[in-house]
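Structure for this input, please:
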Amino acid sequence: MCVGIENPTLRVFAHRFSGPLTSALRVDVLFEDATGAVRSLTIGGMGGAGASLWQLSPQMVVTANLLPLLPGNHTPVAFRFTALGGGTWQVDDLYVDPFRTG
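Sure thing, here's the model as predicted:
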């Protein structure tokens with residue numbers, strides 16, 4: 001998908017399907033830098049005892065949305081979700097949120 005400065009945050013619904021309570025889900029944004037090399041940056045995650053139920057993630061600042069500094073300009077990005085600590089996770093309903101509320 002493409003993001004710009006009007007797309008500051010990302011949120012997802014996720015839950016730990018199996019695994020220990022210490023399992024976590026890491027979220028990275030993938031983007032191209034000025035030289036065309038693909039880079040990744042960790043932007044957030046979720047986990048803990050309550051993660052066995054579907055929950056809305058905290059807001060994660062996309063960061064790569066700042067690459068095109070003018071409104072209306074966009075840069076292509078992808079998001080990578082990585083299970084950490086031996087758990088299995090499910091992700092649903094990814095939202096790039098243009099209406100960040102704090």
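
For residue 79, see how far away the nearest residue to residue 51 once chain neighbours are set aside is.
Counting by Cβ to Cβ, 6 or more residues apart in numbering, residue 51 lies nearest to residue 16, which is 4.2 Å off, once chain neighbours are set aside. C-beta here means a position set from N, CA and C on the backbone, and glycine is covered the same way. Remark: distance between residue 16 and residue 79 (Cβ to Cβ, to the nearest Å) = 18 Å.

So what sits opposite the residue nearest to residue 51 in the bridge?
residue 89 (DSSP bridges).

Do I have it right that residue 79 meets residue 31?
No - here residue 79 does not reach residue 31: they are 10.2 Å apart, not a contact under Cβ atoms under 8 Å.

Which helix or strand contains residue 46?
Applying DSSP states H and E as the criterion places residue 46 in strand 38-47.

Can you get me a residue count around residue 2?
12 (other Cβ atoms under 10 Å).

Revised request: answer the last question for residue 79.
If we define neighbours as other Cβ under 10 Å, then residue 79 has 19 of them.

repeat for residue 5
17.

Kindly report the same for the one 4 residues further on.
Number of residues near residue 9 (other Cβ under 10 Å) recorded here: 20.

Bridged to the residue at minimal distance from the centre of the chain, which residues?
Nearest residue to the geometric centre of the chain (Cα atoms, centre = their mean): residue 27, 4.4 Å. For residue 27, the beta-bridge partners under DSSP bridges are residue 44, residue 81.

Residue 76 too?
residue 2.

can you pull the contacts of it?
1, 2, 31, 32 (Cβ atoms under 8 Å, 6 or more residues apart in numbering).

picking that back up, do I have it right that the residue nearest to residue 51 meets residue 22?
No - with contact defined as Cβ under 8 Å, residue 16 does not count as touching residue 22 (10.1 Å).
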